[in-house]
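# Task: produce atomic coordinates for the following.
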Amino acid sequence: MKKVSNIVKGQNDPPRDPILLAEVTAEAEKEHIMKILKSTNRNRTKAAEILGISRKTLWEKLKAFGIDLSEIER
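The predicted structure follows:
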């Protein structure tokens, strides 16, 4: 009888549809910004303070991620 390996078959195989780390990071950042905006009732000043960024940087991120404030629940 062969010794069973502790390695799960296929564990070291690359994913079939690789996702770049930058894409995962950007999606997580977008979701976090939306969560903070929701918790502040869309108040960009408070959200920027909580996120530790300037209002201008928050505005740039909203634009880059295509976040529409009207789509965020209050």
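# center of this protein - which residue?
Geometric centre of the chain, nearest residue: residue 28, 1.0 Å, by CA atoms, centre = their mean.
# In three-state terms, label that residue for me.
Secondary structure assignment for residue 28 (DSSP: H, G, I helix; E, B strand; the rest coil): helix.
# State the distance from it to residue 34.
11 Å (CB to CB, to the nearest Å). For every residue, glycine as well, the C-beta is placed using N, CA and C.
# Could you do residue 58 as well?
12 Å.
# Mutual contacts of residue 28 and residue 34, please.
By CB atoms under 8 Å, 6 or more residues apart in numbering, residue 28 and residue 34 have no common neighbours.
# how far does stretch 65-74 stretch from start to finish?
19 Å (CA to CA, to the nearest Å).
# now it, how far from the centre of its chain.
Counting by CA atoms, centre = their mean, to the nearest Å, stretch 65-74 is centred 15 Å from the centre of its parent chain.
# Give the buried residues for the helix or strand containing residue 46.
Secondary structure from DSSP states H and E places residue 46 in helix 44-51. With burial defined by 16 or more other CB atoms under 10 Å, the residues of helix 44-51 counted as buried are 47, 48, 51.
# For those residues, give me a markdown table that also has distance to residue 19 and pLDDT.
Output for the buried residues of helix 44-51, formatted as a markdown table (distance: CB to CB, whole Å; pLDDT from 0 to 100):
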| residue | distance to residue 19 | pLDDT |
| --- | --- | --- |
| 47 | 27 | 98 |
| 48 | 28 | 98 |
| 51 | 24 | 98 |
